[in-house]
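>>> this is the structure alone, sequence omitted:
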């Protein structure tokens, strides 16, 4: 296979050099937006050689106004008739969607006939409904925010629009990140989950439960990482890219080093020390955020035991105080389903959003 090129770069070149000239020739007055957003590791910039086997290659989304959507088939046919068979050594033609594999399409080289390009043409409202179940970005309830797939939200605000005559970025800017109340709720939830197990890394190890200590360490590390995304106003991707995104996050490198050291530690004291120091560094992020009153904390013993904690519940209490008077004031501090690894088949599917909202035990606004 030919030399790898990042998908976003490949797709932008493909659009500008191959697709746009066709649009300019056959539809010179058409108002549209086109680019690479939505599904795919290439949208996030995490694609590599392995990514090329399916739903990857020269591709883009094209968005039309409602009064132009009736041109969809005509536009697609012009692409099929006029696009080259290859671009930069990659097939422009793809198989039909596989009904037995979630509609996946694979690159398929041909040398005659029409191409079947990986180009999706729809209105942006249709696209939003497909992605998150609503196109009304001005009227999203707090419970809607909790039900949305965080990975899908990330995919909508990532990538690049090569042409944006319909001002779609103005729309996606409305969901650039969680509103303040949701952000505070999610922060409180992460600290609550940490506080519930903050003493157990050491306690499990003391009684010889090394596996339990390691598992709890990993759970707390996961929550600390999620807090970092929240404090940096950045959506976290689902589990496949979670660590990759965290390593690229613009935070104090010592946080990453301490979390990594805690996860790698075979010595119980080393594990506990690194993990509690990581908690302290994330606590500093909290205080620097200005989201709540400053929280005074120390690394100290857990009620006189030889166990080190920062009493993470202090951060829960001060953050919950900021939620008073909001719809999220009294709901369980469990975060979102997206924040639990392994639930993507549930959390990322909009068909389950109404069921997810019921978990919180309150009615939608």
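Cool, the structure landed. As the structure is a prediction and not an experimental result, all values here were calculated from the model. Numbering: from 1, shown residues only.

>>> so who does residue 5 touch?
Residue 5 is in contact with residue 88, counting by C-beta atoms under 8 Å, 6 or more residues apart in numbering. From N, CA and C alone the C-beta is placed, and that goes for glycine too.

>>> same deal with residue 20?
Counting by C-beta under 8 Å, 6+ apart, the residues that residue 20 touches are 34, 162-163.

>>> kindly indicate which of these lies nearest residue 200.
residue 162 (50.2 Å; C-beta to C-beta).

>>> my read is that residue 239 contacts residue 343, right?
No - contact criterion C-beta atoms under 8 Å: residue 239 and residue 343 do not qualify, at 9.1 Å.

>>> quick one, what contacts residue 304?
Residue 304 neighbours (C-beta under 8 Å, 6+ apart): none.

>>> end-to-end on stretch 131-146?
Across its full length, stretch 131-146 reaches 15 Å between end residues, using C-alpha to C-alpha, to the nearest Å.

>>> check the offset of that stretch from the chain's centre.
Offset of stretch 131-146 from its chain centre (C-alpha atoms, centre = their mean, to the nearest Å): 16 Å.

>>> who touches it?
By C-beta under 8 Å, 6+ apart, stretch 131-146 touches 38, 124-126, 128-129, 148-149, 152-153, 155-156, 171, 174-175, 178-179, 181-182, 185, 326-328, 336, 350, 353, 356-357, 360, 362, 364-365.

>>> nearest spatial neighbour of residue 124, chain-adjacent residues omitted?
Spatially, and ignoring its direct neighbours in sequence, residue 124 is nearest to residue 63 (4.5 Å; C-beta to C-beta, 6 or more residues apart in numbering).

>>> what's near enough to touch that neighbour?
32-34, 121-124, 127, 166, 168.

>>> taking these one by one, which sit in helices?
Counted as lying in helices by DSSP state H, out of the contacts of residue 63, are 124, 127, 168.

>>> closest to residue 197 among the residues you listed?
Nearest to residue 197, judged by C-beta to C-beta, of the ones in helices among the contacts of residue 63 is residue 127 at 40.2 Å.

>>> correct me, but that closest one touches residue 62?
No - Residue 127 is not in contact with residue 62 according to C-beta under 8 Å; the separation is 10.1 Å.

>>> the more surrounded of these two?
residue 62 (22 against 18; other C-beta atoms under 10 Å).

>>> ok, and what's touching the helix or strand where residue 218 lies?
Of the helices and strands defined by DSSP states H and E, residue 218 is found in helix 210-231. Helix 210-231 has contacts (C-beta under 8 Å, 6+ apart) with 178, 183, 186-187, 190-191, 193-194, 197-198, 200-202, 204-205, 235-236, 242, 245-246, 249, 251, 255, 259, 262-263, 268, 271, 275, 278-279, 282, 285-286, 289, 335, 339, 341.
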